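> Task: produce atomic coordinates for the following.
(2 chains)
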Protein chains: 2
Amino acid sequence: MKPIEKVAIVGSGLVGRGWTIVFARAGIDVGVYDSDVTIRAEAKDRIATSLADMKSAGLIDDVDGILARIHVVDELEGAVAEADYIQESVLERTDVKTQASLAIDAVMRSDAVVGSSSSGIPASAFTQACRNRGRFLIAHPVNPPHLVPVVELVPAPWTDAQVLPWLRAEMERTGQAPIVVDREIEGFILNRLQGVLLMEAWKLFEEGYASAADIDLTISKGLGMRWSFAGPFETIDLNAPGGVRDYAERLGPLYQSIAKARTDPKVWSDELIARVEAERRSILPETELRRRSEWRDRRLMALAAHQKDQPR
Amino acid sequence: MKPIEKVAIVGSGLVGRGWTIVFARAGIDVGVYDSDVTIRAEAKDRIATSLADMKSAGLIDDVDGILARIHVVDELEGAVAEADYIQESVLERTDVKTQASLAIDAVMRSDAVVGSSSSGIPASAFTQACRNRGRFLIAHPVNPPHLVPVVELVPAPWTDAQVLPWLRAEMERTGQAPIVVDREIEGFILNRLQGVLLMEAWKLFEEGYASAADIDLTISKGLGMRWSFAGPFETIDLNAPGGVRDYAERLGPLYQSIAKARTDPKVWSDELIARVEAERRSILPETELRRRSEWRDRRLMALAAHQKDQPR
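Take a look at the predicted model:
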């Protein structure tokens, strides 16, 4: 299989626009399509705004060069027919993903590859009926993909064996951080790790051990600082003189004991959700959510710029 | 209760030295004691080395001024007797903590406060017999405390009610990020959150879904980037148009379903530990652990310097 020269982006919302930047920044020609005329029409302007922000943050130089590689098209076929790789980022609903996959399948080259940005629905749930189903898999990013590099690659049972290593290498070439999930599992890896941490955080809040704000600080002023450059295994490997075995023998029993006390997970009740929401809205009024999301994106951009200069 | 003017550090290993920097950097006089003559003798030189590194990273200016506020003493009483606050950082073992607490108790002012750096043993397990037990509580830092600001404050059932809010304010004044844990719980907040994430990470590795290196990337190139400036509650509050309620209603069912599949936690078997260790040692030989820990500390220092200039 050859290196990617042309990419098609199907779905040009927030995720699709991020992917567009990822590939165009890597020097690849990108055709962008969205079935919604309005979203399609505004895509290039919104991408240009993001690129200007990235330039201010020192993340890119040649905004015009990147923009010149991006072509918004009015027909799905115009983007997909000649693409080596198609990144599908339509709404996260099985029926919508199925319809988009069949439409892509009908016009794609049989040797192209299709990655879906699905964050939870596995590829087997929406690609079974595709003629080229061996070329489909999950390529799940974190938002926004041009600032947060991880991508989870998850094959369906029928994904061709050579697709996964090829896409991993291609994603690395574009500057992303692909990881391989061996087979389908609910929530893949990333949202399972986020999920177990959230379940414990909500439980500690519910039981009155700490406020949501204080639980947040244990991560943002504590564990999250380490985890922004070293994953959980590397962190513990460096946190005991004898490495990961030493750590596992010392602290494994504590963690297993904590887990044994949490074997009856409950749904988050309306009353619990209301309490968490009340605390969050007292810190950040609803009208400020959007402004704070923009702050988050600026922080991510500044962090990405900071990390560029750090030794690995 | 008055602001802290004099601090005593009991135990001058890695944690105690970090605490020494925290308080001396904040303009407070610090008396340092360790029962081990060698550790005590090298404390000031090692602190001076850390301060030089911090100055290079742009974190502090006046190294000599900070060093001038640090006095290593040869008797416990010399550090503790006049201290307003005593930070105990001896070995994490109940018998050692009990002995140290009784020794401090015998020479402390009755209106002083003693915080223990214990990462898991609650204060009720080693302060019951102290005359001044109402002045003892947990003040658990992350390593190293002069670079990672979070501190968990956990009272024993007998801790005086005014101690906790006083210490929270004083810790904030020194530049730390204190959080209040309402009452004792195994692992406090921080290690419970780390523990549930690690339990899931080890299980996913054991079941062959991904390598330890790829699981690490989902955090270090994904979730950890966000979590280095926004905690888990703020992260999800900003990750759905309608805030935390919107997010909880969309994604709560997925996380609860994941948790329901993990209600039979197991100890990490020797064979499993050996497999994790084998992968880690293939990435990082045992002889490189120390060098890599120094890299981690430099990364933390650079991250702290980066964060100083960021909007909150």
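> Correct me if wrong, but A:A139 is in a helix.
No - A:A139 is assigned strand when assessed by DSSP: H, G, I helix; E, B strand; the rest coil, not a helix.
> Low-confidence stretches in chain A?
Within chain A, no stretch has pLDDT under 70.
> Show me the strands in it, by range?
Here chain A has its strands, by DSSP state E, at A:6-10, A:29-33, A:70-72, A:85-88, A:113-116, A:136-141, A:150-155, A:177-180.
> mind checking which of the ones you listed is nearest A:G222?
A:G222 lies closest, by CB to CB, to one member of the strands of chain A: strand A:150-155, at 21.1 Å. Where you see a C-beta, it was placed from the backbone N, CA and C, and this is true even at glycine.
> Now find how far off-centre that closest one is within its chain.
On the basis of CA atoms, centre = their mean, to the nearest Å, strand A:150-155 sits 9 Å off its chain's mean C-alpha point.
> tell me the angle that strand makes with strand A:136-141.
Relative orientation of strand A:150-155 versus strand A:136-141 (axes from the mean of the first three to the mean of the last three CA atoms, to 10 degrees): 160 degrees.
> Okay, buried residues for strand A:150-155 please.
Within strand A:150-155, the residues scored as buried using 16 or more other CB atoms under 10 Å in any protein chain shown are A:150-155.
> do stretch A:42-51 as well
Residues of stretch A:42-51 classed as buried: A:43-44, A:47, A:50-51 (neighbour count, 16+ other CB under 10 Å).
> and of these, the nearest to B:I138?
Relative to B:I138, the closest of the buried residues of stretch A:42-51 is A:S50; by CB to CB it sits at 45.0 Å.
> List the contacts of whatever residue of the stretch 1-150 of chain A ends up closest to chain B.
For the stretch 1-150 of chain A, the residue closest to chain B is A:V150, as judged by CB to the nearest CB, at 3.5 Å. With contact set as CB atoms under 8 Å, 6 or more residues apart in numbering or on different chains, A:V150 has these partners: A:141-142, A:176-179, A:190, B:217-218, B:221-222.
> Out of these, which is nearest to B:E92?
Nearest to B:E92 among the contacts of A:V150 is B:T218, at 29.8 Å by CB to CB.
> Could you find the closest non-adjacent residue to the closest one?
A:L190 (4.4 Å; CB to CB, 6 or more residues apart in numbering or on different chains).
> show me what contacts the one you found?
If a contact means CB under 8 Å, 6+ apart, then A:L190 has A:140, A:142, A:150, A:152, B:218, B:222-223 as its contacts.
> possible to save these as a markdown table with distance to A:V96?
Formatted as a markdown table, the contacts of A:L190 follow (distance: CB to CB, whole Å):
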| residue | distance to A:V96 |
| --- | --- |
| A:H140 | 16 |
| A:V142 | 21 |
| A:V150 | 24 |
| A:E152 | 20 |
| B:T218 | 26 |
| B:G222 | 25 |
| B:L223 | 26 |
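> Identify, from those residues, the entry nearest to B:E88.
Of the contacts of A:L190, the one sitting nearest to B:E88 (CB to CB) turns out to be B:L223, at 33.8 Å.
> my read: A:K6 touches A:G78, true?
No - using CB atoms under 8 Å, A:K6 is not in contact with A:G78, being 11.5 Å away.
> Name the residues contacting each of the two.
Taking CB under 8 Å, 6+ apart as the criterion, A:K6 and A:G78 both touch A:G31.
> hang on, the earlier thing: check the buried residues of stretch A:42-51 against B:E279 and report the nearest one.
A:S50 (37.1 Å).
> picking that back up, the more surrounded of A:K6 and A:G78?
A:K6 (21 against 16; other CB atoms under 10 Å in any protein chain shown).
> Provide a list of residues in contact with the more buried one.
Counted by CB under 8 Å, 6+ apart, A:K6 has contacts A:28-31, A:82-85.
> Out of those residues, which end up buried?
For these, a neighbour count by 16+ other CB under 10 Å gives the buried set as A:28-31, A:82-85.
> any idea how far A:S269 lies from chain B?
Distance check for A:S269 against chain B: by CB to the nearest CB, to the nearest Å, it reads 10 Å.
> So what does that residue have for phi and psi?
phi -70, psi 160 (degrees, to the nearest 10).
> Among the buried residues of strand A:150-155, which pair sits farthest apart?
Farthest apart among the buried residues of strand A:150-155 by CB to CB are A:V150 and A:P155. That separation is 17.2 Å.
> Quick check, A:D216 in contact with B:P232.
Yes - between A:D216 and B:P232 there is a contact under CB under 8 Å: 6.5 Å.
> Spell out which residues of the stretch 1-150 of chain A are next to chain B.
A:120, A:142-143, A:147-150 (CB under 8 Å from any CB of the partner chain).
> farthest-separated two in these?
The two members of the residues of the stretch 1-150 of chain A next to chain B with the most space between them (CB to CB) are A:G120 and A:L147, at 21.3 Å.
> These two: who's more crowded?
Neighbour count, other CB under 10 Å: between A:G120 and A:L147, A:L147 has more, with 27 against 14.
> Show me what the closest residue to A:F23 other than its chain neighbours is bridged to.
Leaving aside its sequence neighbours, A:F23 sits nearest to A:V7 (CB to CB, 6+ apart; 4.5 Å). Beta-bridge pairing of A:V7 under DSSP bridges involves A:V30, A:Y85.
> so who does A:V7 touch?
Contacts for A:V7 (CB under 8 Å, 6+ apart) come out as A:23, A:28-31, A:83-87.
> How about A:R275?
Neighbours of A:R275 in contact, by CB under 8 Å, 6+ apart: A:205-206.
> same thing but at 10 Å, please
Residues in contact with A:R275 (CB atoms under 10 Å, 6 or more residues apart in numbering or on different chains) are A:202, A:205-206, A:212, A:269.
> before we move on, the earlier item: between the contacts of A:K6, which is closest to B:D237?
Within these, the smallest distance to B:D237 is 32.2 Å, found for A:V30 (CB to CB).
> so who does the closest one touch?
A:V30 is in contact with A:6-9, A:19-24, A:47, A:66, A:69-72, A:79, A:83, A:85, A:87, counting by CB under 10 Å, 6+ apart.
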